[in-house]
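Engineer: Structure for this input, please:
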Amino acid sequence: MTEGFRLEQVGSEDPEDECRMSGFGQLALFQCQVEYHFNTEDMRVKEAEAYIDTVLNALPAETIDEICERACEWKNEKMSSDTADYPTGLAEASGREILAFMSVGDVELYRNPYDRSDDTFGAILGGGTEWDAEKGMEIIIRGSKALEVREYLGYGEYAIWDEEEATD
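Structural biologist: Modelled structure (predicted):
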């Protein structure tokens, strides 16, 4: 039997809030080390590791393609609306090529704030892009479904779930 994903250097982020935890680990989509953040009132370390291992690091091809399509749409809109100097190859980048012009450093993990029994977790991958370096980027995922790829807005779990969905 093989061991699953394990976070490294797991610890409390703030002595004042021992429930806020973080740890480091691989993010397969961008093939890099990132810092994962979560609240232990919402999920245990083992739950966070299982979600990272079986969902975030095993995203279906359709989800990856959706992320890339949305990133390309955002890139094309941004590049058509200004005259900034962009890196060579960015304008032509399409499909999965766009990932080379994006970076992620932090991943926030969440449980549905409206339904604590919902076992589908969500994540916000935070980082930057070569076409909008000023505002930052967030990729919003619920389960293994990409919801948004956009400039950083910082809504947290409320970007993943909304109250109306919880009452349906």
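Engineer: and the longest strand along the chain, what other elements does it pack with?
Structural biologist: Ranked by number of residues, the top strand in the chain under DSSP state E is strand 17-27. If you count contacts as 3 or more CB pairs under 8 Å, 6 or more residues apart in numbering; DSSP states H and E, strand 17-27 packs onto strand 8-14, strand 32-39, helix 45-54. For glycine as for every other residue, the C-beta is placed from the backbone atoms N, C-alpha and C.
Engineer: Kindly recompute the last result at 6 Å.
Structural biologist: Secondary-structure packing of strand 17-27 (3 or more CB pairs under 6 Å, 6 or more residues apart in numbering; DSSP states H and E): strand 8-14, strand 32-39.
Engineer: Between strand 8-14 and that strand, find me the angle.
Structural biologist: Per axes from the mean of the first three to the mean of the last three CA atoms, to 10 degrees, the angle that strand 17-27 makes with strand 8-14 is 150 degrees.
Engineer: Quick one: mean pLDDT over strand 17-27.
Structural biologist: For strand 17-27, mean pLDDT is 91.
Engineer: got the angle for it vs strand 32-39?
Structural biologist: Using the same axes, to 10 degrees: strand 17-27 against strand 32-39 is 150 degrees.
Engineer: hmm, who's touching strand 17-27?
Structural biologist: Under the contact criterion CB atoms under 6 Å, 6 or more residues apart in numbering, strand 17-27 has outside partners 7-10, 12-14, 33-41.
Engineer: before we move on, what about stretch 56-73?
Structural biologist: Contact partners of stretch 56-73, identified using CB under 6 Å, 6+ apart, comprise 28, 94-96, 98, 123, 139, 144, 146, 149.
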